[in-house]
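K.L.:
the following comprises the amino acid sequence and a computationally predicted model.
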Amino acid sequence: MATLASQPVRFTPRGLVDAYDSTDQFLGSCTSLQNLVFDPSNPEVVIARPGVGNTIANFSGISGAGFISVQIVVGGMIYGMVASSLTAGHDQPFIYNITTSSFVTVTGLTSGNSEGRPTSPATTGAWTPPTMAIVGTYLLITHPGYATGMFGAINLSTNAYTTQNLATHALPSTPTCVANLNNRAYFSVGNMVYYSDVLLPLQASSAGQSLTLGDNSTITVLSGLPVQTTTAGVVSALLAFKQTQIWQITGDAAITGSLSLNYLSLNIGTAAPRSVAPSPLGTFFIGPDSAYVVNPLGGVMPVTNTMSGAGASPDIRAPFGNVTIPTRVAASFAGNIYRVCLPTIVLGISGIYDYWFDTRKLRWNGPHTFNYDCASSAGNYFILSGQASGAALFNSVVFPSTGTPYLDNGTSYTINLRSSDFQKDGMAMKSMMESTIELASVGSSALYTVATYSDAGNFITSANVLTQSLGLVWGSFLWGSGYWASSISIPTTYGVNWTQQVIFNRLSIGVTCTVQSGVGIGTFYGRFEKLGYTLITG
């Protein structure tokens, strides 16, 4: 029976924040939603993120295959560069057909010499990431291992690979990035961009096919942006990022007076080239202290819950402000998720952490535990690869469904929810008289551990909660030996039987569980009783 001095307190996980205390944050603030994502069919539940399934390509046909330094998905094909023993210490291009689950032969490679194949980059530490772009009938490749002025090209009609400089008017140095604008190839070299002829990305027929962007600082990356104007509708643009600047290129040299160069920001840019990812909301990137977006109107603003650029603060900043090696950040946009993996310091611990920004919820979740160096959008799912996983390409879906794997490359993983401290409620010490929590699983029972922590982060006590067995997932049993259950997480309320009395001034909770199908966490209720004294320290 509830006492007269008690009151129920509700906690429903809503998103990730930096704050240890939720009083000045939104209700449902969490400091960890590790391997948990937002349930698209139930706004009050967070569910286990889908596993990164077994490899879709293991490169067994490429001798000595190693680190994949760059990849891009175009239609049903994956193009990339991978270290191999064809010529030791060098990368070679590859093409993988997703539809037929097979590699496509790339011609123009010869064993025994390194001509045409760039020196393989280091797999750790700062680097200049390779880039790829399609212009006309060519896939173009920039790579730090190419000789001076050189870039790679794959003829998409013949799959023949060559390396060259621009014909007629050559690039003065090895380009660091390539992108497409109005069917021209734009190459970045230092603080300049050089552009090819229209639909002829291997030549620049006129002198002066270049633009100088601001000061002498180096361009870090180029990325396309659809630009919304008030008079002309949607036009295309090219964003050129420096470490502390963003420039916008519009128009074309073939139309007199239309080629235009304008700055969007002279104090915010990115030192993380692979953090840049176009999306329907604009182009996301990691700035000096936060995740940012360049919206279709050209506004540069932090990523917040309102996405308005005013009146809202980013929910998380620390992971982005503490990035240790910006050039090793990797990101992409697929489905409705901006996904970014970065080496950083979180809660004083150095590591590699993967965060997702859900553009429907406008909230962050993570950090997730599968790391990668390359991420590509394949429509509504990601293609991932990374040096920690060897020469392999992985399919990573955004939305769970029947048959979704809950293993990362064959390895189990754990969810870990940690709330911020519940909102302040006076100075009195409190006791939790009783509590319940909504938990879900599909098929066999799942064992959750629910824990409590003081405002100093000290563990108080915990309790195990075993969910009910709710049938078997379709395809996991023999017909006639069981009954079917869907993969949808429908939470059930369970009592939490603490092993000792929970007394606190401010309180946070944690929930952990080894992932299986249908695992999910909903609302926690605790009945708090105010005690007759105030904590006095010092």
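P.N.:
Sure thing, it's come through.
K.L.:
how much space between residue 302 and residue 511?
P.N.:
Residue 302 sits 30 Å away from residue 511, going by C-beta to C-beta, to the nearest Å. Glycine gets a C-beta too; all of them are placed from N, C-alpha and C.
K.L.:
what do you get for residue 66?
P.N.:
Counting by C-beta to C-beta, the gap from residue 66 to residue 511 is 39 Å.
K.L.:
more neighbours: these two, which one.
P.N.:
Taking neighbours as other C-beta atoms under 10 Å, residue 66 and residue 511 compare with residue 511 leading, 23 against 17.
K.L.:
pretty sure the more buried one contacts residue 440?
P.N.:
No - using C-beta atoms under 8 Å, residue 511 makes no contact with residue 440, being 11.7 Å away.
K.L.:
which residues are in contact with residue 449?
P.N.:
Shown in contact with residue 449 (C-beta atoms under 8 Å, 6 or more residues apart in numbering): 462, 463, 464, 465, 511, 512, 513.
K.L.:
repeat that with 7 Å
P.N.:
Residue 449 makes contact with 462, 464, 512, according to C-beta atoms under 7 Å, 6 or more residues apart in numbering.
K.L.:
can you name the element that comes right after the lowest-mean-pLDDT helix or strand in the chain?
P.N.:
Here the helix or strand of the chain ranked lowest by mean pLDDT, DSSP states H and E is strand 484-485, holding a mean of 42. Moving toward the C-terminus from strand 484-485, the next helix or strand (DSSP states H and E) is strand 492-495.
K.L.:
of the contacts of residue 449, which belong to strands?
P.N.:
Using DSSP state E, 462, 464, 512 are the members of these that sit in strands.
K.L.:
so where's this protein uncertain?
P.N.:
The chain contains residues with pLDDT under 70 at 1-5, 111-115, 225-235, 470-489, 536-538.
K.L.:
in it, which spans are helices?
P.N.:
Assigned by DSSP state H, the chain shows helices spanning 318-321.
K.L.:
residue closest to the middle of it?
P.N.:
With distances taken as C-alpha atoms, centre = their mean, the residue of the chain nearest its centroid is residue 339 (1.7 Å).
K.L.:
beta partners of that residue?
P.N.:
Note on residue 339: beta-bridge partners residue 332, residue 356, judged by DSSP bridges.
K.L.:
which strand is the longest one in the chain?
P.N.:
Max-length strand for the chain by DSSP E is strand 520-534.
K.L.:
and that strand, what does it pack onto?
P.N.:
In terms of contacts (3 or more C-beta pairs under 7 Å, 6 or more residues apart in numbering; DSSP states H and E), strand 520-534 is packed against strand 6-11, strand 46-48, strand 428-440.
K.L.:
let's see it at 6 Å
P.N.:
Counting contacts by 3 or more C-beta pairs under 6 Å, 6 or more residues apart in numbering; DSSP states H and E, strand 520-534 packs against strand 6-11, strand 428-440.
K.L.:
pull out the buried residues from stretch 74-89.
P.N.:
Using 16 or more other C-beta atoms under 10 Å as the test for burial, stretch 74-89 gives 77, 78, 79, 80, 81, 82, 83, 84, 86, 87.
K.L.:
now do stretch 396-405
P.N.:
Those would be 396, 397, 398, 400, 404, 405, for stretch 396-405 by 16+ other C-beta under 10 Å.
K.L.:
spatially nearest residue to the fourth one (excluding sequence neighbours)?
P.N.:
Put plainly, it is residue 400. Leaving aside its chain neighbours, residue 400 sits nearest to residue 50 (4.9 Å; criterion: C-beta to C-beta, 6 or more residues apart in numbering).
K.L.:
neighbours of the one you found, how many?
P.N.:
By other C-beta under 10 Å, neighbour count at residue 50 equals 21.
K.L.:
do the same with residue 514
P.N.:
A count of neighbours around residue 514, defined by other C-beta under 10 Å, yields 14.
K.L.:
quick thing: my sequence starts at 15, can you match it?
P.N.:
Okay, residue one is now 15; in that scheme the one you just asked about reads as residue 528.
K.L.:
okay, now the residue lying closest to it once chain neighbours are set aside: neighbour count?
P.N.:
In space, and not counting its chain neighbours, residue 528 is closest to residue 428: 5.4 Å by C-beta to C-beta, 6+ apart. Around residue 428 there are 14 other residues, counting by other C-beta under 10 Å.
K.L.:
same check, this time on residue 308
P.N.:
Residue 308 has 27 nearby residues by other C-beta under 10 Å.
K.L.:
and which of the ones in strands among the contacts of residue 463 is nearest residue 515?
P.N.:
Checking the ones in strands among the contacts of residue 463 against residue 515 with C-beta to C-beta, the nearest one is residue 476 at 13.3 Å.
K.L.:
run through the bridge partners of the closest one.
P.N.:
Going by DSSP bridges, residue 476 forms beta bridges with residue 465.
K.L.:
wait, it sits on residue 465?
P.N.:
Yes - taking C-beta atoms under 6 Å as the definition, residue 476 is a contact partner of residue 465 at 3.9 Å.
K.L.:
of the helices and strands packed on strand 534-548, flag the one that's most buried.
P.N.:
Most buried of the helices and strands packed on strand 534-548, by mean neighbour count (mean count of other C-beta atoms under 10 Å): strand 442-454, with a mean of 20.
K.L.:
which secondary structure elements does that strand contact?
P.N.:
strand 506-509, strand 516-518, strand 534-548.
K.L.:
any chance of those strands in TSV, with mean neighbour count and distance to residue 433 too?
P.N.:
TSV is the format used below for the helices and strands packed on strand 442-454 (neighbours: other C-beta atoms under 10 Å; distance: least, C-beta to C-beta, whole Å):
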stretch	mean neighbour count	distance to residue 433
strand 506-509	13	17
strand 516-518	20	13
strand 534-548	18	8
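K.L.:
give the closest residue to residue 281 in space, chain neighbours not counted.
P.N.:
Distances taken as C-beta to C-beta, 6+ apart place residue 258 nearest to residue 281, at 5.8 Å, with adjacent residues excluded.
K.L.:
show me what contacts residue 375?
P.N.:
Residues near residue 375 by C-beta atoms under 6 Å, 6 or more residues apart in numbering: residue 52.
K.L.:
quick one: buried residues of stretch 365-372?
P.N.:
Within stretch 365-372, the residues scored as buried using 16+ other C-beta under 10 Å are 366, 367, 368, 369, 370, 371, 372.
K.L.:
residue 513 and residue 475 touch, don't they?
P.N.:
Yes - if you go by C-beta under 6 Å, residue 513 and residue 475 touch, sitting 5.3 Å apart.
K.L.:
between these two, who's got more neighbours?
P.N.:
Taking other C-beta under 10 Å, residue 513 and residue 475 do not tie; residue 475 has more neighbours (15 against 9).
K.L.:
give the contact list for residue 198.
P.N.:
With contact taken as C-beta under 6 Å, 6+ apart, residue 198 is in contact with 209, 210, 212.
K.L.:
among the residues you listed, which lie within strands?
P.N.:
Filtering the contacts of residue 198 for strands - DSSP E - leaves residue 209.
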